[in-house]
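> this one's structure only:
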């Protein structure tokens, strides 16, 4: 808990013990997530999520497959599989012997690996194309070596050696990006070393009075949560990938968390950071509440740098006492438009809940199908609920949509926020849908992430992408993008009905973040991953035409770099490239994201 | 007022008329502020502020001078003046004929001036040393020419011509900085042109639905307020210089506003900007609620750039509907420490008023002396008030201090905030001091800015400087800096008692912004401005030792650049200089602030 403030007491920092590694920390190499968790369709068509980790785990989902057959394609079946061929052939490693000799003096042998599967894993994130490639194709270029530095001095040594010997370094955090940001440039002739930050994962100190903590860049979100919670604090930063992604990754991708209304996005949370670069360590004397120090504020160079400028080793962050109360909520609306109007009004009134999400009708339907088989009283209750909504309130099942909410704060504050939020919702025809539906909605976020890899086995390709857009263009953008995706699918003779859905995941004064999900049945198509990529590019074109941004929080990576000239003048590209050349003249951070694609590599 | 939201309506922008120039807009060249406003001491010792602009204007202040005599030096008198010798000799302009010829094709003759006083004014801001120099000394180097561009294309033309002909450009906004940021490098051999943005001062459009506006960089704060208010909006950005400083200047100094709790600092308000640089125009397609686009987000390069990277021509900003209610408040505390404890608790509870300031005892006393002569009932009331505070509540007149508050928002929200704030204050011995005292405190901000130039005539040199510091170091920092200034004054045989005071002006989760004011009697000293500068440097040394930042919002300029190596590693300096050289290879923006001091110029 927060320490009472005595302005005359000396600075007192807590130095937490390192977290022990646990057996259930093990992650899959070939698919998203923990090893203990996978979806599977039983021969009788009932879907299950293995393991015991999530609310959904071990539950029977009888409605999902029939709904997919109805909604997307009748060919989806437990009996018709598209088996993966993981692992693919992995290229043999290049070896820069002079570099390796020097590296051997900096790190121990147990900090290096040439293991093909581990190298493969460091050569990709979680774009659909990449996950397709490792299971049904191959990656032409992956890192030649992995190194796990254990402290900042080792990182400095590695970077200096790489500069001297013209080696490429690619920092690696959780590997959860969806922008091809970790993909190695195909034609890179130099040795590529993946710098895996996984062993630099400590919460170094917590300052409970000034509400700061210093955390190493390789710490993953779930562990940061666990350590801080032990002392009564939270970072409040919860991207959907929080189980696996790292502090360094959040900084490098300019990440957004689902509770940003209360805790801010990553740029609001990180007070200062340390970065090892080709021109030395960027290091500040301390982290201050707020400053005007121009170029001496190094955060600006590094937020969203996507591995192109250096390796973040640690950061000082704000921490917040754990909220007294956390309450979930949900509201159903007769249609998406009513929901958007509600969101605008909610934001305009200020005092928004920690998280607010609005899913469209299709996503609402999907979430209903992900409900476990209910029996007895529970079944009756659920039937009665539906009856009330559809018969009494005349909500159309194919139009209604849902908003999920998380309220956090002091008990009184949460109560007031709930009251105000539901009152406002009623003005837009909204009907409180209960706390358990809200909670389920948020917990689904983590379980649902496993779906993409599972459905690939059933001839379905699906993925998500995001944008941000001013309020007045939000609705038309959603409609335009959906229409465009359907048109693009039709052009390509995709059979069945493509699944195209969206949700509003973040509110801002001037607009919203919108998340699209898109899936289609690909059996019979010879190059489905390419087709998917083409359609995602078309969707991005439509997003930009409709007034949306190139990225809200995923970043640019390689998947969106072709659009950079559409969002910025040639002067911006010139600045970016001149700056990159100035601070990394040998391109040691040669991962080639954003403006830094190398036409020769 | 805010427009009701229809997500299906087309984007509708208001394009406000330009504001007509008004006679009372005229500003002084030799001292701070509007021409109609100056302090003066009548022969009978009563002080007056001329004009009718401020609440204080035209009032008689009988208590001020006696208090100054008691508190600082008995020699201060209406009869002993130190007359200014403004204007000083102004260096003859250098002329780069080839540049001038090209410039003549870009702008009209009425957009250029070599007038010595106007050039002098563009060659300085409002540091004490600069104001001393123009009145009692001279400036060795000032701009050789002034140009007033009227649109962005002209700015581009000017920059391109300057690059071609090796001319230095110094962007000029309101000229209110206090960091020597406008001072020309003494030995600069190239022609220096001041680019005065004063004619690019329009609010170009307001988007009432998405709550954005596009404003030219030369617009001054008071005019932005006036135009936006006409349509029911505010920027909410109110630095103490808001009457004179410009949007471009706010961006270039990384400005903070007194109501940042509600509206944010400049980085929270500016969504996007356009900048003319040596490598072209930095220009984005639109401004989005939030993005992750790495180097394509040009704000990062420009916030706090202090004229060294380019000329901001316009920015897209958030606007907020004018608050339904605005209420001032004040609280007196038995001592400063109680006040600081209260502030910590207030911030920790969240929901802080738009502005909260805590002044120490000396500043509280000064504010009492700036009260107009009160008569009749008012006098009685004020005596009774003092009686209650000092006799009943036993507050010591030489220890008590005061907090001023501004509450803004919906009426209900303001009421709730007031209630919570005063309840909390009582826990720390705080006593509500009334709304009119609060209001007076804030209005004094504007009037008091005129004092510095006035007291110089009475042998007093005074100035302010700021820092930010974590909570647990705030109180000791205040004490250390005060002690250090007193010691430094004693070493230099300064007579009387130096006036050293501080106030907390901003609250953050992790700490506060602290403002120091310092003045001393200098009659008999041969080099008082140098002595002042030495002591300010010593104070800054003490700030850094005590855990404070180099700047909260004033910036670095030239006055603080020597401290940069103390706050950042050599790598940071290397990055800054490499980046500057990369994006401005001929140093056309050669104003030499921050890391960019040129040892040869």
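It's in. Quick caveat: nothing in here was measured; it's all calculated off a predicted structure.
> which bits of the stretch 501-601 of chain A sit near chain B?
Selection of the stretch 501-601 of chain A residues close to chain B by C-beta under 8 Å from any C-beta of the partner chain yields A:506, A:508-513, A:544, A:547-556, A:564, A:566-572, A:574-576, A:578-583, A:593-595. Quick note: C-beta positions are derived from backbone N, CA and C, even for glycine.
> look up how far residue A:467 lies from the residue nearest to residue A:575 when sequence neighbours are not counted.
Distances taken as C-beta to C-beta, 6 or more residues apart in numbering or on different chains put residue B:583 closest to residue A:575, at 5.5 Å, once the chain neighbours are dropped. Distance, residue B:583 to residue A:467, using C-beta to C-beta, to the nearest Å: 29 Å.
> show me the helices in the stretch 501-601 of chain A, by range?
Here the stretch 501-601 of chain A has its helices, by DSSP state H, counting those that start in this stretch, at A:528-545, A:564-567, A:570-583.
> format these as JSON lines; extra columns: mean neighbour count and mean pLDDT.
Shown next, in JSON lines, are those (neighbours: other C-beta atoms under 10 Å in any protein chain shown; pLDDT from 0 to 100):
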{"stretch": "helix A:528-545", "mean neighbour count": "19", "mean pLDDT": "97"}
{"stretch": "helix A:564-567", "mean neighbour count": "16", "mean pLDDT": "96"}
{"stretch": "helix A:570-583", "mean neighbour count": "20", "mean pLDDT": "97"}
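> can you put those helices in JSON lines and add distance to residue A:302?
Below are those laid out as JSON lines (distance: least, C-beta to C-beta, whole Å):
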{"stretch": "helix A:528-545", "distance to residue A:302": "25"}
{"stretch": "helix A:564-567", "distance to residue A:302": "19"}
{"stretch": "helix A:570-583", "distance to residue A:302": "11"}
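> now name the helix or strand holding residue A:461.
strand A:460-470 (DSSP states H and E).
> who does that strand touch, helix- and strand-wise?
In terms of contacts (3 or more C-beta pairs under 8 Å, 6 or more residues apart in numbering or on different chains; DSSP states H and E), strand A:460-470 is packed against helix A:128-136, helix A:451-456, strand A:499-507, strand A:511-521, helix A:528-545.
> beyond that strand, next helix or strand please.
Defined by DSSP H and E, the subsequent element after strand A:460-470 is helix A:471-491.
> what residues sit buried inside that following helix?
Under the neighbour-count criterion of 16 or more other C-beta atoms under 10 Å in any protein chain shown, helix A:471-491 has A:471-475, A:477-478, A:480-482, A:484-486, A:488-489 buried.
> of those, which ones also sit close to chain B?
Checking those against chain B (C-beta under 8 Å from any C-beta), the matches are A:471, A:472, A:473, A:474, A:475.
> do stretch A:127-144 and chain B meet?
No - for a cut-off given as C-beta under 8 Å from any C-beta, stretch A:127-144 has no contacts with chain B; the smallest distance is 15.5 Å.
> could you tell me the end-to-end distance of that stretch?
Stretch A:127-144 has an end-to-end distance of 21 Å (C-alpha to C-alpha, to the nearest Å).
> could you give the mean pLDDT of it?
Averaged over stretch A:127-144, pLDDT sits at 97.
> distance from that stretch to the middle of the chain?
19 Å (C-alpha atoms, centre = their mean, to the nearest Å).
> centroid-nearest residue for chain A?
Chain A has residue A:241 as the residue nearest its centroid, 4.5 Å off, counting by C-alpha atoms, centre = their mean.
> how about the closest residue in space to that residue that isn't next to it in sequence, secondary structure?
Of all residues beyond its chain neighbours, the one nearest residue A:241 is residue A:176 (4.2 Å), with distances taken as C-beta to C-beta, 6+ apart. Recorded secondary structure, residue A:176: coil (DSSP: H, G, I helix; E, B strand; the rest coil).
> and stretch A:345-365, how far apart are its ends?
Counting by C-alpha to C-alpha, the terminal residues of stretch A:345-365 are separated by 25 Å.
> with that, I have no additional questions.
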